[in-house]
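Visitor: The following block contains a protein sequence and its predicted model.
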Amino acid sequence: VSHLMSLFAVAMKLPVTAFDAALDKHCSSMRAILYPKLTQADFELGHVVRSPEHTDWGCVTVLLADPDVSGLEVCDKDGQWTPLPALKR
């Protein structure tokens, strides 16, 4: 994780050690979550299992976004939710 954060620091034109203090004695974990496509019937029948509103507690979150499916949002400091659409390629 520290090597990856060093690369992020350089990309953001920060000192290579910019995140070192925040990563001191860090504990990393990784999980993979697959959200299969749902039909309208799935929604109507209540067969929808998705992650509820939450905060990603790690320092990096990697997502494979689908431009045809929405859902990812961020909450700003004022409590306002903003959708983050996937970029179409």
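Guide: On my side now, so go ahead.
Visitor: For the rest of this, base every contact and every neighbour count on C-alpha atoms.
Guide: Noted.
Visitor: My understanding was that Tyr35 contacts Ser51; is that so?
Guide: No. With contact defined as C-alpha atoms under 8 Å, Tyr35 does not reach Ser51; the gap is 9.2 Å.
Visitor: which residues in the protein form helices?
Guide: Listed in chain order, the helices of the chain (DSSP state H) span 2-11, 40-44.
Visitor: Highest mean neighbour count out of these?
Guide: Comparing the helices of the chain by mean neighbour count (mean count of other C-alpha atoms under 10 Å), helix 2-11 ranks first with a mean of 14.
Visitor: avg pLDDT for that helix?
Guide: Across helix 2-11, pLDDT averages out at 91.
Visitor: Against Ser6, how distant is the most centrally placed residue in the chain?
Guide: Residue closest to the mean C-alpha point of the chain, counted by C-alpha atoms, centre = their mean, is Thr61 at 4.0 Å. Using C-alpha to C-alpha, to the nearest Å, Thr61 is found at 16 Å from Ser6.
Visitor: Now Val10: closest residue in space, sequence neighbours ignored.
Guide: Of all residues beyond its chain neighbours, the one nearest Val10 is Val16 (5.6 Å), with distances taken as C-alpha to C-alpha, 6 or more residues apart in numbering.
Visitor: my read: the one you found touches Ala9, true?
Guide: Yes. Using C-alpha under 8 Å, Val16 makes contact with Ala9 at a distance of 5.5 Å.
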